[in-house]
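Undergrad: Predicted model and sequence below, questions to follow.
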Amino acid sequence: MQIKDVDEAVITRAILEKSLKFLSQHVESDVAIVGAGPAGLTAAKYLAEAGLKTVIFERRLSFGGGIGGGGMQLPIIVVQSPADEILREIGCNLEEFEEGVYTVNSSEMLAKLAYSAIKAGAQILLGVTVDDLIYRIEKDGKARIVGVVIQWSSVIMSGIHVDPLAFKAKAVIDCTGHDAEILTIASRKIPELNLIIEGEKAMWATEAEKATVERTREVSPGLYVAGMAVATLHQTPRMGPIFGGMLLSGRKVANLIIKKLKK
Ligand code: 48F
C-alpha cells in the first residue's frame with residue numbers, strides 16, 4: 001500500500017479554503033437552529049427535506065445533546081407513540097416495551113438522527129456558541145429576530161474578549177434544552193419583546209410531553225422554540241428521560257417554519 005505524501009501546506013490550505021467557503025455559504029440561511037440535541041436534529045431533518053437552507057450551531061464538539069446521557073447514562077432511550085414514526089422513518093431498530101412505548105439504543109438514535117439531518121442537506125457547525133441575536137424594529141414597532149451572533153466555544157471558555165461574527169436567518173430556533181439560552185438572551189437584551197422566561201416545573205412525564213409539543217411555537221417574529229426550552233419558557237413540567245416529545249416538537253417547529261417560509 002502506497003500512502004500518498006501530503007505536504008503540511010496542502011493540508012492547511014485545504015482546511016482554510018474549504019472552511020471559509022462553508023462559513024461564507026451560511027452567512028445567510030433560511031433557518032438557524034441553536035443546539036444539536038434531539039429537537040434541533042429532528043427540526044433540521046424536516047426543514048432541509050423541505051428544501052430550506054438550514055444550519056445548526058452547536059456549542060460542543062459533538063452532536064446529540066442529551067441523547068447520549070439518556071436516563072442516568074444508561075444506553076436505552078424511551079419514546080412513545082406517535083414519535084416512533086420519526087425513528088422508524090430514519091431506520092432505527094425499535095422494540096415495543098409495552099403498547100405504544102418503545103426502546104431504542106441511544107448511540108443508534110443519535111447517529112441516525114444526525115445522519116438523516118445531514119443527508120437531507122442540513123449543515124452542523126460544531127464548537128460554536130450562539131451568544132447573542134441580531135434584531136430589527138419593524139414599522140409596527142415589533143422586534144424581529146433576523147439572525148444569530150456566534151463565537152468559538154473555545155474563545156468563550158478562555159475568557160478573552162474577541163468580537164463575534166453575525167449569521168443571518170429568516171427563522172431562528174432555540175433548541176438549547178433546559179437553559180433556553182437563546183430565549184434568555186432575547187428576554188434580557190431585547191426589552192421590546194416583553195419576553196418572560198418562567199422556568200420549568202418539577203417532573204410529570206405525561207403532562208410535560210403534551211405541553212412541550214402543544215406549546216412549540218413562534219415566540220416572536222423570527223424566533224421559535226422547540227424541545228426542552230419550551231418547558232423552561234412556559235413553566236410546564238420536565239419529562240425526565242423520555243424523548244418522544246423532543247422529536248415531535250422538532251417536527252412541529254419545522255412544519256410551522258416550512259408553512260411560513262414556503263408560502
Ligand atoms: O439538551 P438538549 O438535548 O436539548 P433538547 O433537544 O432535548 C432535551 C433532552 O435531551 C433532555 C430531556 C428530554 O428528554 O429532558 O434533556 O431540547 O440539547 C441542547 C443542545 O444545545 C447546545 C448544547 O450543547 C446541546 O447539545 N447548546 C446549548 N446552548 C447553546 C448550545 C448555545 N448558546 N449555542 C450553541 N449550542
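TA: Perfect, I can see it now.

Undergrad: so where's the protein uncertain?
TA: Filtered on pLDDT under 70, the chain yields no residues whatsoever.

Undergrad: ok, now which ones touch the closest residue to Asp179 other than its chain neighbours?
TA: Distances taken as Cβ to Cβ, 6 or more residues apart in numbering place Thr232 nearest to Asp179, at 7.0 Å, with adjacent residues excluded. (Each C-beta comes from the backbone N, C-alpha and C, glycine too.) For Thr232, the contact set (Cβ atoms under 8 Å, 6 or more residues apart in numbering) comprises His178, Asp179, Ala180, Leu183, Ile197, Glu198, Gly199, Glu200.

Undergrad: which of those residues are buried?
TA: Among these, those classed as buried by 16 or more other Cβ atoms under 10 Å are Ala180, Leu183, Ile197, Glu200.

Undergrad: On the three-state scheme, Val149 is what?
TA: strand (DSSP: H, G, I helix; E, B strand; the rest coil).

Undergrad: Residues of the stretch 1-150 of the chain that sit close to the ligand?
TA: Within the stretch 1-150 of the chain, the positions adjacent to the ligand are 34-40, 57-60, 65-66, 129-130 by Cβ under 6 Å from any ligand atom.

Undergrad: Could you pull up the residues touching the closest residue to Ile196 other than its chain neighbours?
TA: Spatial nearest neighbour of Ile196, excluding adjacent residues (Cβ to Cβ, 6+ apart): Ser187 at 6.6 Å. For Ser187, the contacting residues are Leu193, Leu195, Ile196, Ile197, by Cβ under 8 Å, 6+ apart.

Undergrad: Quick check: ChimeraX command selecting the buried ones in those residues.
TA: ChimeraX command restricting the contacts of Ser187 to the buried ones, with burial defined by 16+ other Cβ under 10 Å:
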select :193,195,197
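
Undergrad: Kindly indicate which of the contacts of Ser187 lies nearest the ligand.
TA: Ranked by distance to the ligand (Cβ to the nearest ligand atom), those are led by Ile197 at 13.8 Å.

Undergrad: what's Thr42 in contact with, if anything?
TA: By Cβ under 8 Å, 6+ apart, the contact set of Thr42 is Ile86, Leu113, Ala117, Met246, Leu247, Ser249, Gly250, Arg251, Ala254.

Undergrad: How far away from the center of its chain is the helix or strand that contains the fifth one?
TA: Following DSSP states H and E, the helix or strand that holds Leu247 is helix 244-261. With Cα atoms, centre = their mean, to the nearest Å as the basis, the distance from the averaged C-alpha position of helix 244-261 to the chain average is 11 Å.

Undergrad: how about that helix, does it reach the ligand?
TA: Yes. Contact of helix 244-261 with the ligand (Cβ under 6 Å from any ligand atom) involves Met246.

Undergrad: Buried ones in that helix, by neighbour count?
TA: For helix 244-261, burial by neighbour count (16+ other Cβ under 10 Å) applies to 244-254, 256-258, 261.

Undergrad: send the alpha carbons of that helix over as CSV?
TA: Provided in CSV are the C-alpha atoms of helix 244-261 (Å, rounded to 0.1, in the frame of the first residue of the first chain):
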residue,chain,number,x,y,z
GLY,A,244,-40.9,11.4,22.2
GLY,A,245,-41.9,15.0,22.9
MET,A,246,-38.4,16.2,21.8
LEU,A,247,-38.8,14.5,18.4
LEU,A,248,-42.4,15.6,17.9
SER,A,249,-41.6,19.2,19.0
GLY,A,250,-38.7,19.3,16.5
ARG,A,251,-41.0,18.1,13.7
LYS,A,252,-43.7,20.6,14.7
VAL,A,253,-41.4,23.6,14.7
ALA,A,254,-40.1,22.5,11.3
ASN,A,255,-43.6,22.3,9.9
LEU,A,256,-44.5,25.8,11.3
ILE,A,257,-41.5,27.3,9.6
ILE,A,258,-42.0,25.4,6.4
LYS,A,259,-45.6,26.8,6.2
LYS,A,260,-44.4,30.3,6.8
LEU,A,261,-41.3,30.4,4.6
